[in-house]
Every structure is written in structure tokens, then in C-alpha cells.
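In: Next one to model:
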Amino acid sequence: MDDCTPGQCTARRLHVGAVVLAAGAGSRLGFKPKGLICVNGEPLLRRQLRMLSEAGADELVVVLGHYREHLMPLLADYDVTAVVQPEDAHSQAASLKLGVAALSESVDAALVVPVDMPALEVQDLIALIGAYKHAESHIEFVGPRVNGQPGNPVLLSRAAVAQVSRGEGEFGSGQWRHREASWALNWITDNLHYLIDIDTPDHLRHWADGPSGS
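Out: So this is what the prediction gives:
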């Protein structure tokens, strides 16, 4: 298969891999597994897998670590590759490297989704994929920017995926997103869904079992 770079991907269907990052300890939540938090009756990990499937992701990878025994049953009914972060004290960059390395070489781009994003909808994922498809050919990274703030999920090109797999480049920490990079597209949008996560007890009270907190 020929490489599908941004700007050329409209000629054929984009082969998208998706990596859900779900290895964290949830320390700021009092050590609660974020993937088990129910929003509208659906655990967040299942919700992300369902939406990615509905958005057309061709491959699904979930990175587990803490609470892997509790989260593994949520993968039932999905064709998903589970990889386990082996270190108790892990970094998001390490999880990202582990996750993208599990994707096949046939993916054109990788959609990276933190598990704790309760407001995301299928159309949000489709819109982000569309932004990547229509980006200029030199773009290796597309991420939403809302009211000047970097959001999630993000999309990495095939070349960027290979770089992350080798442990090279700046991806992972997120700090570089606060400056301009010629290979990165800050996709400007007013969609707040890309900013909302569950990171504190206040967030949990608002979103657990529905956005009303009830």
C-alpha cells in the first residue's frame, strides 16, 4: 500500500489505528480507575471503544497498567489489542510508545485518545479525522485547539507513529504543543468536547452516571 499523507488521503479511504490510553492510577481522583467511570450508564473505556468503532477506526489498541484486571473484562466484544504498561510508575510518553508500537504497519494515521474524556461524541472523532485528511502534506500531527488551549484526541501520521515507536521525537509530553512546530497543525475549533476530561473529584461528581452528576 502506498503511504497516505495528509492532503493525499482524500483519494482513498484512510486506514486509521486508534490507541486508548488507560494505564493511569487516577491519583488525583483518589486512585480510582478512570476507565470504569460510568457516563450515561456506560464505562468510559467501553464508550471510547464503541465510538472509535463507529467512527471507522480499523484497529483498536488499549494500553493498560494500573487496574488492568478490572479493565480487561470491558474489552469483551471488541476486536482490540491490549498491551500492558509493565512499570507501576509510568509516563504517558511510555504508554504512547507502547500503544503505537502495537499498531500494524498498514495504518496511515493513529488516533490517540485518553480514556477519561466523557464529552466526546462520534462526530467529534470524525471531524478530527477529516481535519487530518485535508491537512497539507507535510503535516505529521493534528490536534484540536479550543480557545487557545490544546485539546485531545490527537492524530499522528504514519511517519510520526514510526518515530514514537523508536522513542524519538517530541511526542508524548505535550509541552511542545505550546509552541509552533512546522509539522504540527493546531486545528482551531470551538468544540469544548476536546477539552473536557475527568481529572479531579469535582469533574467526577459532575460526570459520573451522566453529565448532570445524577
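
In: Tell me where the protein has strands.
Out: Ranges of strands in the chain, per DSSP state E, are 16-22, 38-39, 42-43, 59-64, 80-84, 109-114, 141-146, 149-150, 154-157, 184-188.

In: Please dump those strands into a markdown table; it should also carry distance to residue 101 and mean neighbour count for every row.
Out: C-betas here are computed from N, CA, C, even on glycine. Listed next are the strands of the chain as a markdown table, based on distance: least, C-beta to C-beta, whole Å; neighbours: other C-beta atoms under 10 Å:
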| stretch | distance to residue 101 | mean neighbour count |
| --- | --- | --- |
| strand 16-22 | 10 | 28 |
| strand 38-39 | 29 | 16 |
| strand 42-43 | 26 | 18 |
| strand 59-64 | 9 | 25 |
| strand 80-84 | 8 | 16 |
| strand 109-114 | 10 | 25 |
| strand 141-146 | 18 | 21 |
| strand 149-150 | 24 | 14 |
| strand 154-157 | 12 | 27 |
| strand 184-188 | 21 | 18 |
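
In: Could you dump those into TSV and include distance to residue 30 and mean pLDDT?
Out: Putting those into TSV (distance: least, C-beta to C-beta, whole Å; pLDDT from 0 to 100) gives the following:
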stretch	distance to residue 30	mean pLDDT
strand 16-22	17	97
strand 38-39	17	94
strand 42-43	18	96
strand 59-64	20	98
strand 80-84	23	97
strand 109-114	18	97
strand 141-146	28	96
strand 149-150	26	93
strand 154-157	28	96
strand 184-188	34	94
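
In: Make a markdown table out of those strands and add distance to residue 134.
Out: Shown next, in a markdown table, are those (distance: least, C-beta to C-beta, whole Å):
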| stretch | distance to residue 134 |
| --- | --- |
| strand 16-22 | 15 |
| strand 38-39 | 30 |
| strand 42-43 | 31 |
| strand 59-64 | 22 |
| strand 80-84 | 28 |
| strand 109-114 | 13 |
| strand 141-146 | 10 |
| strand 149-150 | 20 |
| strand 154-157 | 12 |
| strand 184-188 | 10 |
